[in-house]
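A.B. asks: Need coordinates for the below:
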Amino acid sequence: MVVLKATHMVRPAEPTPDEIMYLSACDQIKDITHTPTIYFYRNSPALDAGDAVSRLTESLSKALVLFYPLAGRLNWAAEGGSRVELHCNGKGVPIFEAETEAAIDDFGDFTPTPEIQAFIPSVDYTTPINEIPMVIVQLTRFRCGGVSIGLGVSHVMADGPSALHFVDEWAKIARGAGPIVPPLLDRKVTETDKVLTTPFDASVLRPPPSLIGQEDNMEQRKKPITVAFLNLSKLLIEKLRNKANLDFDASGGGRGYSRFEAVAAHIWRCTSKARGHVAEQPTSLHFVADFRNKLKPSLPKNFFGNALIRVEATDKSENLLSNPIGAASKKIREAVEKVTDETVRAYLDFLKGLPDVGRFRSLDNSGRPKGDFYGNPNLAIISWTALPLYGTDFGWGKEIHMGPGSMGFDGKTFIIPSHDGDASFNIAIWLQEEHMASFKRCFYDIV
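C.D. replies: Down below sits the predicted model:
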């Protein structure tokens, strides 16, 4: 049980611009929700010697001078179309101070269960959006003397690289380290005045397929789900990659399939097998690609915002399972290779021209669930393999674990590099309860 002890509203330590900040087309289609992550820290002399919540509030106040949009609030834009605007009004970020009788070791391998979610602040998304903070924080003290920091960062404000940039600078300020890398807050740098010659293929934004024989996905949405947190060793990853590359056509040069392409293909195939699809069942694998380095010129490294584009690989279940893993890896590679400067520019231009962007969100404008369903027969994979996840030291040592909160739906999957630095991956996956045992058997059946 978690007991809330206090709430601290943290505002920027210095005056910051009072303005309405431009939000890009990429920001506008994001969910008006938060990405939940959690950091666990062992007890240490530094933690015992200081007031952790004071350290967090004082350093966050300074960090919000640099990242002042995060202290603002969203409002519905006057232009309509479910678009939002950001009021940089310095209203601040809440830090919730909590305690629990649990010990950190009670949570084993930190599988992102609802019990873990109790250490991350929750939000009632039926609240008017101008009352919802862009960042929410919870510091929880455990019986063992350790602490956790649960974070939620608004999807509209930041993608993974940008959210981690904010946390890294906040932690540096907290421990008195440097150099500080300020964010580039101008979100118009993703746009161009060039005449676009590549038309956007809007088919990539079509709703995912439903199960054959079912008119919609409502029946699938109702089924209970469970989560697994599975480790894939370096040796097993290399086995998968080697199997995939047996079918790689090297005649045209180019690199073989990556660890991500091989592992994502394996998860896709095992999910289809576990779900027992009929042969003709269409299935789609959805993931996002970072276009920072796809644009010409590339976005500055300190760009702060959203620079992700939705990518889709599709096939029929029979093809996935009857063909070798390399065929699925090829589908994923082909989807990634479609992300170029031209296609990203066309995508952003297409989004700007939409009369209403609400269709891409998982909640309606009153905060109620809706939107596309990426569960059975589909899959949504988020890869954290290229992100600088670890080493977040607020002055009492580095975390022993950093991972996602319990934010899953059927088919939601994270590929996370191991905290141990042993080149293994941890796979967090949510599936319908009836499919999980079969998935696990397939997952480790790597010959």
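
A.B. asks: ok, residue 235 - how many residues close by?
C.D. replies: Using other C-beta atoms under 10 Å, residue 235 has 11 other residues around it. Yep, even glycine has a C-beta here, placed from its N, CA and C like the rest.

A.B. asks: And the helices in the protein?
C.D. replies: In the chain, the helices defined using DSSP state H lie at 25-28, 45-49, 52-66, 114-117, 160-175, 218-221, 234-245, 259-275, 317-322, 325-337, 341-352, 433-443.

A.B. asks: Buried deepest among those, which one?
C.D. replies: The highest mean neighbour count among the helices of the chain, using mean count of other C-beta atoms under 10 Å, belongs to helix 259-275: a mean of 24.

A.B. asks: which other helices and strands contact that helix?
C.D. replies: Judged by 3 or more C-beta pairs under 8 Å, 6 or more residues apart in numbering; DSSP states H and E, the packing partners of helix 259-275 are helix 234-245, strand 282-290, helix 317-322, helix 325-337, strand 379-383, strand 412-417, strand 425-432, helix 433-443.

A.B. asks: Which of those sits closest to residue 205?
C.D. replies: Of all the helices and strands packed on helix 259-275, it is strand 282-290 that lies closest to residue 205, at 10.8 Å by C-beta to C-beta.

A.B. asks: The closest one relative to helix 341-352, how many degrees between them?
C.D. replies: 100 degrees (axes from the mean of the first three to the mean of the last three C-alpha atoms, to 10 degrees).

A.B. asks: when you give positions from now on, start the count at 345
C.D. replies: Got it, the first residue is 345 from now on, which makes the last one we talked about strand 626-634.

A.B. asks: Strand 626-634 - contacts with which helices or strands?
C.D. replies: helix 603-619, strand 652-660, helix 661-666, helix 669-681, strand 723-727.

A.B. asks: closest one to residue 436 among these?
C.D. replies: Using C-beta to C-beta, the nearest of those to residue 436 is strand 652-660, at 27.0 Å.

A.B. asks: Sheet-wise, list the partners of that closest one with their directions.
C.D. replies: Paired strands of strand 652-660, with direction, are strand 626-634 (antiparallel) (DSSP bridges).

A.B. asks: can you put the helices and strands packed on strand 626-634 in TSV and add mean pLDDT and distance to residue 745?
C.D. replies: Converted to TSV, the helices and strands packed on strand 626-634 look like this (pLDDT from 0 to 100; distance: least, C-beta to C-beta, whole Å):
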stretch	mean pLDDT	distance to residue 745
helix 603-619	97	21
strand 652-660	94	25
helix 661-666	96	33
helix 669-681	96	28
strand 723-727	96	18
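
A.B. asks: Burial check on residue 450, number of neighbours?
C.D. replies: Using other C-beta under 10 Å, residue 450 has 12 neighbouring residues.

A.B. asks: and the helix or strand of the chain with the lowest mean pLDDT, what does it pack onto?
C.D. replies: Ranking every helix and strand in the chain by mean pLDDT, DSSP states H and E puts helix 562-565 at the bottom, with a mean of 82. For helix 562-565, there is no helix or strand it packs on, judged by 3+ C-beta pairs under 8 Å, 6+ apart.

A.B. asks: Return the distance of that helix from the chain's centre.
C.D. replies: 24 Å (C-alpha atoms, centre = their mean, to the nearest Å).

A.B. asks: Would you agree residue 556 is in contact with residue 625?
C.D. replies: Yes - with contacts counted by C-beta atoms under 8 Å, residue 556 reaches residue 625, the gap being 5.5 Å.

A.B. asks: Between those two, tell me which one has more neighbours.
C.D. replies: residue 625 (21 against 13).

A.B. asks: need the contact list for the more buried one.
C.D. replies: 553, 555, 556, 616, 660, 661, 662, 721 (C-beta atoms under 8 Å, 6 or more residues apart in numbering).

A.B. asks: In a markdown table: those residues, plus distance to residue 347.
C.D. replies: Shown next, in a markdown table, are the contacts of residue 625 (distance: C-beta to C-beta, whole Å):
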| residue | distance to residue 347 |
| --- | --- |
| 553 | 45 |
| 555 | 44 |
| 556 | 49 |
| 616 | 44 |
| 660 | 52 |
| 661 | 48 |
| 662 | 53 |
| 721 | 43 |
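
A.B. asks: And those residues, which is closest to residue 500?
C.D. replies: Nearest member of the contacts of residue 625 to residue 500, counting by C-beta to C-beta, is residue 553, at 28.0 Å.

A.B. asks: Can you pull the phi/psi pair for the closest one?
C.D. replies: When read as degrees, to the nearest 10, the backbone of residue 553 gives phi -70, psi 150.

A.B. asks: what about it, neighbour count?
C.D. replies: Neighbours of residue 553 (other C-beta under 10 Å): 15.

A.B. asks: which residue sits closest to it, ignoring its sequence neighbours?
C.D. replies: With sequence-adjacent residues excluded and distances taken as C-beta to C-beta, 6 or more residues apart in numbering, residue 553 is closest to residue 626, at 4.1 Å.

A.B. asks: beta partners of that neighbour?
C.D. replies: residue 660.

A.B. asks: Please tell me I have it right and it contacts residue 657.
C.D. replies: No - in terms of C-beta under 8 Å, residue 626 does not count as a neighbour of residue 657; the distance is 11.6 Å.

A.B. asks: higher neighbour count, those two?
C.D. replies: Looking at residue 626 and residue 657 with other C-beta under 10 Å, you find the greater number of neighbours at residue 657, namely 24 against 16.

A.B. asks: ok, that one touching residue 633?
C.D. replies: No - judged on C-beta under 8 Å, residue 657 makes no contact with residue 633 at a distance of 11.5 Å.

A.B. asks: quick one on the thing from earlier: could the helices of the chain be laid out in a markdown table, adding distance to residue 418?
C.D. replies: Formatted as a markdown table, these follow (distance: least, C-beta to C-beta, whole Å):
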| stretch | distance to residue 418 |
| --- | --- |
| helix 369-372 | 10 |
| helix 389-393 | 35 |
| helix 396-410 | 16 |
| helix 458-461 | 23 |
| helix 504-519 | 16 |
| helix 562-565 | 27 |
| helix 578-589 | 40 |
| helix 603-619 | 33 |
| helix 661-666 | 40 |
| helix 669-681 | 31 |
| helix 685-696 | 18 |
| helix 777-787 | 36 |
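
A.B. asks: Show me the one of those that comes nearest residue 751.
C.D. replies: Taking C-beta to C-beta, helix 458-461 is the member of these nearest to residue 751, at 8.0 Å.

A.B. asks: Report the backbone C-alpha coordinates of the closest one in PDB.
C.D. replies: The C-alpha atoms that make up helix 458-461 are tabulated as PDB, following Å, rounded to 0.1, in the frame of the first residue of the first chain:
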ATOM      1  CA  PRO A 458      -0.200  -2.800 -11.600                       C
ATOM      2  CA  GLU A 459       1.700  -3.000  -8.300                       C
ATOM      3  CA  ILE A 460       4.700  -1.100  -9.900                       C
ATOM      4  CA  GLN A 461       2.200   1.400 -11.400                       C
END
